[in-house]
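A.B. asks: Need the 3D shape of this:
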Amino acid sequence: MTLKQAEGPKYTRILALGAARGDVTVPNDDLVGPIDSSDEWIRQRTGIVTRTRVSKGVDAVDLAETAAKEALAKAGISPDQLGAVVVSTISNVAVTPSMAALLADRIGATPAPAYDVSAACAGYVYGIAQADALVRAGAAEYVLVVGAEKLSQFVSPTDRTISFLLGDGAGAAIIGPADEPGISASVWGSDGSKWDAVGMSGTIEQYLDGEIPWPTMRQDGQTVFRWAVWEMAKVAKQALEAAGVTADELAAFIPHQANMRIIDELAKQLGLPEHVLIGRDIETTGNTSAASIPLATHRLLEEHPELSGGLALQIGFGAGLVYGAQVVRLP
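C.D. replies: Numbering: from 1, shown residues only. As a prediction, this is how the structure comes out:
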């Protein structure tokens, strides 16, 4: 007896994007006191002038819903056509159930399978890789991928390593069938030997035992910077090779919005021509982890609609340490 297997289209692409940022703009001056710093120091080290955070009572899933509905509307896809909902987040308000299941219900995608991906700043790229595979395998005709974060709930105002970097936001993408290749092979992976480089100040058990206050985000800045600059430049070049394109064939480069200095150094190492536009959303949004690449892409397309249909190299990297990159055709 032969088992039947699903078969999907040969090619996929990102059909549309949606975005949502926090409703509160937080300038550097509001954060410098507890870390004994200055607006100038933060700008020089990170390129951030302001970051967006949400008001009390707003959760990451609320941002995800707004972004998802915009992406669906732009794609002309109804929620019941979604074959899967994938949410990349480290900001769920509960260990379980998933944010994706709640989001699927809110937007009317039930009973589509829904699950969360915990890959921090590489989460959106991981989600795109999975959505591409799901569609081409015939497991879904359309997939919603969302990167959604409320990192402000994990900020210690006195932490000089990361507190001033983090913002809140969500970016969504609809992936579906295409007539030509729109998502290249992904180069992705992890390096758990640097597990402690970015993460939390302690465990939930330590908190419950009274050993530490509520765990918050922290990082070893020098380790992360060196790894991001040197190792991720290699990954980005591998992604170009896997896609069979060269840097001068790109229309845009959209890296994770970790730090403006990292973005500039990666662009330098890739030798990007002047015509390749670079996503730089961090200046006014901050680092939104899994949401940063779709938010930067959304903004870049709003400012430069002529990029639509062009090729973009996107790369995410962060806690894990995890990383992922692929070349996509811009919606």
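
A.B. asks: what residues does stretch 46-53 touch?
C.D. replies: Contact with stretch 46-53 is made by 21-28, 42-43, 152, 164-169, 259-261, 263, 280, 282-287, as judged by CB atoms under 8 Å, 6 or more residues apart in numbering. Every C-beta, even on glycine, is put in place using the N, C-alpha and C of the backbone.

A.B. asks: could you redo the last one with a cut-off of 7 Å?
C.D. replies: 21-22, 24-28, 42-43, 152, 164-169, 259-261, 282-286 (CB atoms under 7 Å, 6 or more residues apart in numbering).

A.B. asks: Of those residues, grab the buried ones for PyMOL.
C.D. replies: Selection of the buried residues among these in PyMOL, burial being defined by 16 or more other CB atoms under 10 Å:
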select buried, resi 21+22+24+26+28+42+152+164+165+166+167+168+169+259+260+282+284+285+286
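
A.B. asks: So which of the contacts of stretch 46-53 are in strands?
C.D. replies: 21, 24-27, 168-169 (DSSP state E).

A.B. asks: Now for Val95, how many residues are close by?
C.D. replies: 7 (other CB atoms under 10 Å).

A.B. asks: what does Glu241 give?
C.D. replies: Around Glu241 there are 13 residues (other CB under 10 Å).

A.B. asks: how near is it to Thr12?
C.D. replies: 20 Å (CB to CB, to the nearest Å).

A.B. asks: In three-state terms, how would Tyr207 be classified?
C.D. replies: helix (DSSP: H, G, I helix; E, B strand; the rest coil).

A.B. asks: count of residues packed around it?
C.D. replies: 15.

A.B. asks: and what of the one 10 residues further on?
C.D. replies: By the other CB under 10 Å criterion, the neighbourhood of Met217 contains 24 residues.

A.B. asks: beta partners of it?
C.D. replies: For Met217, the beta-bridge partners under DSSP bridges are Met200.

A.B. asks: pretty sure it contacts Pro157?
C.D. replies: No - with contact defined as CB atoms under 7 Å, Met217 does not reach Pro157; the gap is 11.8 Å.

A.B. asks: Just the element for the nearest residue to Val87 once chain neighbours are set aside, please.
C.D. replies: Of all residues not flanking Val87 in the chain, Ala100 sits nearest, at 4.0 Å (CB to CB, 6 or more residues apart in numbering). Secondary structure assignment for Ala100, by DSSP states H and E: helix 99-107.

A.B. asks: So which elements touch that helix?
C.D. replies: helix 60-75, strand 82-88, strand 114-117 (3 or more CB pairs under 7 Å, 6 or more residues apart in numbering; DSSP states H and E).

A.B. asks: Apply 8 Å and report the result again.
C.D. replies: On a contact count with 3 or more CB pairs under 8 Å, 6 or more residues apart in numbering; DSSP states H and E, helix 99-107 meets helix 60-75, strand 82-88, strand 114-117, strand 142-150.

A.B. asks: Could you list the buried residues of the third one?
C.D. replies: Going back to what we said before, that points to strand 114-117. Under 16+ other CB under 10 Å, the buried positions of strand 114-117 are 114, 116-117.

A.B. asks: give me every residue that touches the closest residue to Pro9 other than its chain neighbours.
C.D. replies: Nearest residue to Pro9, sequence neighbours excluded (CB to CB, 6+ apart): Pro177, at 3.8 Å. The neighbours of Pro177, taking CB under 8 Å, 6+ apart as the test, are 8-9, 11-12, 135, 141.

A.B. asks: Check whether Pro177 sits in a helix, strand or coil.
C.D. replies: Applying three-state DSSP: Pro177 is strand.

A.B. asks: Quick check: which ranges of the stretch 51-200 of the chain have low pLDDT?
C.D. replies: Residue ranges of the stretch 51-200 of the chain with pLDDT under 70: none are present.

A.B. asks: got a list of what Ala170 touches?
C.D. replies: So Ala170 contacts 19-20, 60, 63-64, 66-68, 146-149, 291, 295 (CB under 8 Å, 6+ apart).

A.B. asks: I misspoke; the intended subject was Ser190.
C.D. replies: Counting by CB under 8 Å, 6+ apart, Ser190 has contacts 320-323.

A.B. asks: mind pulling up the phi and psi values for it?
C.D. replies: With angles defined as degrees, to the nearest 10, Ser190 sits at phi -150, psi 160.

A.B. asks: Turn the ones in strands among the contacts of stretch 46-53 into a markdown table, columns for distance to Thr96.
C.D. replies: Compiled in a markdown table, those are given as follows (distance: CB to CB, whole Å):
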| residue | distance to Thr96 |
| --- | --- |
| Arg21 | 27 |
| Val24 | 29 |
| Thr25 | 33 |
| Val26 | 31 |
| Pro27 | 36 |
| Asp168 | 22 |
| Gly169 | 24 |
